[in-house]
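Engineer: Got a predicted structure here, sequence first:
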Amino acid sequence: MQAKLLQMENDWARAQKLGPSDALSQTDFDAARSNYEVAKANLGVGKAAIVQAQGSVAQAEATLKRSLQNLSYCTIKSPVKGVIIDRRVNIGQTVVASLNAPAFFCLPRT
């Protein structure tokens, strides 16, 4: 878009030097100015699209960070080492936190 703008700036500068005359019709003069203005606007749109894309990347990174944090809450880790002798919940079963701490697994006493 910057290259297109540079090209249109050069065309517009040439058209301004000639001005509407026998060498350049009024239509061609107006077209050069119009093309220059359109190229300027397109460059602005392109820059805005880049800023929007950067915002989308930042939002996606934040969503990923939150999802990884939520995933870390899904793993139940034992505070002690031992051999499990009884399991009171099944894989995939929903576990709800309440006022009392439920016993998910029974470990033999040592």
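Structural biologist: Structure received.
Engineer: what about the longest helix in this structure?
Structural biologist: Scanning the chain for the longest helix, with DSSP state H as the assignment, gives helix 26-72.
Engineer: Report all helices and strands that that one contacts.
Structural biologist: If contacts are counted by 3 or more Cβ pairs under 8 Å, 6 or more residues apart in numbering; DSSP states H and E, helix 26-72 sits against helix 2-18. Heads up, the C-betas are built off the backbone N, CA and C, glycines and all.
Engineer: Can you list the helices and strands that the helix it packs on packs against?
Structural biologist: helix 26-72.
Engineer: What average pLDDT does the helix it packs on get?
Structural biologist: Helix 26-72 carries an average pLDDT of 91.
Engineer: Past it, which element shows up next along the chain?
Structural biologist: strand 86-87 (DSSP states H and E).
Engineer: follow-up on the earlier one: what's the angle from the longest helix of the chain to helix 2-18?
Structural biologist: Compare the direction of helix 26-72 with that of helix 2-18 by axes from the mean of the first three to the mean of the last three Cα atoms, to 10 degrees and you get 160 degrees.
Engineer: Tell me the gap between helix 26-72 and the middle of its chain.
Structural biologist: How far helix 26-72 lies from its chain's middle: 11 Å, per Cα atoms, centre = their mean, to the nearest Å.
Engineer: next one: stretch 66-84
Structural biologist: 30 Å.
Engineer: Can you get me the start-to-end distance on it?
Structural biologist: 32 Å (Cα to Cα, to the nearest Å).
Engineer: Going by neighbour count, list what's buried in that stretch.
Structural biologist: Of the residues in stretch 66-84, none is buried by neighbour count under the rule 16 or more other Cβ atoms under 10 Å.
Engineer: for Q93, what are its contacts?
Structural biologist: Under the criterion of Cβ atoms under 8 Å, 6 or more residues apart in numbering, Q93 has no contact partners.
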